[in-house]
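Asks: okay, sequence plus prediction incoming.
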Amino acid sequence: MIEATTAEFAIAVMLDLIIGDPRWLPHPVEGIGFLVRRFERLLRRIMPYERAAGSVLVFMVLAVSLVFTAATLRWGRSPVAVYWIFSCLALRSLDQHALRVIKALRSGDLNVARNLAGQIVGRDTGKLSENEITRAVFETVAENLSDGVVAPLFFLALAGIPGMVAYKAINTMDSMIGYKNETYIRFGWAAARLDDLANYIPARITAGLIVLSAALLRLRWRSAAAIVLRDAQLQPSPNAGYPEAALAGALGVQLGGLNYYFGRPVHKPFLGDPTDELQWSRFATVRWLMYGVAGFSYLALGIWLQF
């Protein structure tokens, strides 16, 4: 296992907080996406059974990602290690993308807000109301706190830098081929199931850290814990409901409800109670929770790396 040093981790975190994901810097997701597209075209041609072809794709992408990461770490240890850790974290980019949507809502430009929301959520956004856009942003922030911060750090602690990159590959494959539509329901089955497995523990850790951050910020932390226990398992996803329920409880709002995916309606169970109205102005509190979760995660991993 190729572990990170405390200094490498600290520099990578600072880079993520300061510059996020600059367009001029090559990103691992771009390379993983390239592999997925190429392997999908190849395997669909040569393998008639879609589940088998999709499973082979997952194996091939993971193998290439692990081998390439391990190989590059032998070229220039510290700079390359910092690059991999920094590029696998997504706190600043999550904050920036969500903030752009909220700023569009603040200025009253609903069409711009819909278009920007469509860049960070999987649902159809073309006809969303202001409250529905707000809900979409809050839900994706909660879910991506796990995918973009807690889960990568969890795998960095568990399996070193290659493990962190492998998680990013799993998450990227799920976002590309893990859809439950006619094209990918069978081909993307392995990617979706592996993503569910990889996120099982991190999603629950994220929910706990949201509760902890809510307590520190004097929000509704007891409600957050209660809503997680009551509602999180009601969601069709085995993982997304946990951080979303924690956020709903901490804010005293209700998330979940009717979404459209590729024009088809999907009604997800409600999370939380509508004690307060769901408004974009609450995003300031969401940001505090976001950085609280990240701060606790960084602290925990920093301590872990000392041993």
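Replies: Alright, I've got the coordinates.

Asks: now do the helices in the protein.
Replies: Listed in chain order, the helices of the chain (DSSP state H) span residues 6-19, 28-46, 50-72, 77-88, 91-106, 110-117, 130-145, 151-177, 189-216, 221-231, 241-251, 283-304.

Asks: in CSV, list those helices along with mean pLDDT, mean neighbour count and distance to Tyr260.
Replies: (Each C-beta comes from the backbone N, C-alpha and C, glycine too.) As requested, the helices of the chain are arranged in CSV below (pLDDT from 0 to 100; neighbours: other Cβ atoms under 10 Å; distance: least, Cβ to Cβ, whole Å):
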stretch, mean pLDDT, mean neighbour count, distance to Tyr260
helix 6-19, 95, 17, 33
helix 28-46, 96, 15, 25
helix 50-72, 96, 18, 25
helix 77-88, 92, 20, 31
helix 91-106, 96, 19, 18
helix 110-117, 96, 19, 12
helix 130-145, 96, 23, 10
helix 151-177, 97, 23, 18
helix 189-216, 98, 21, 20
helix 221-231, 97, 20, 22
helix 241-251, 98, 31, 18
helix 283-304, 97, 18, 23
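
Asks: among the ones you listed, which is nearest Gly272?
Replies: When those are ranked by distance to Gly272, counting by Cβ to Cβ, first place goes to helix 241-251 at 3.0 Å.

Asks: in TSV, list the helices of the chain along with distance to Gly263.
Replies: Output for the helices of the chain, formatted as TSV (distance: least, Cβ to Cβ, whole Å):
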stretch	distance to Gly263
helix 6-19	36
helix 28-46	23
helix 50-72	23
helix 77-88	33
helix 91-106	22
helix 110-117	15
helix 130-145	16
helix 151-177	19
helix 189-216	21
helix 221-231	27
helix 241-251	23
helix 283-304	28
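
Asks: wait, which of these is closest to Glu277?
Replies: Evaluated with Cβ to Cβ, the helices of the chain place helix 130-145 nearest to Glu277, the distance being 8.2 Å.

Asks: so which elements touch the closest one?
Replies: The contact analysis (3 or more Cβ pairs under 8 Å, 6 or more residues apart in numbering; DSSP states H and E) places helix 130-145 against helix 91-106, helix 110-117, helix 189-216, helix 241-251, strand 255-261, helix 283-304.

Asks: and the angle for the first one with helix 6-19?
Replies: Interaxial angle, helix 91-106 versus helix 6-19 (axes from the mean of the first three to the mean of the last three Cα atoms, to 10 degrees): 20 degrees.

Asks: before we move on, what about the shortest one?
Replies: Inter-element angle recorded for strand 255-261 and helix 6-19: 70 degrees (by the same axes, to 10 degrees).

Asks: so for strand 255-261, what gets flagged as buried?
Replies: When neighbours are counted by 16 or more other Cβ atoms under 10 Å, the buried residues of strand 255-261 are found to be 255-256, 259.
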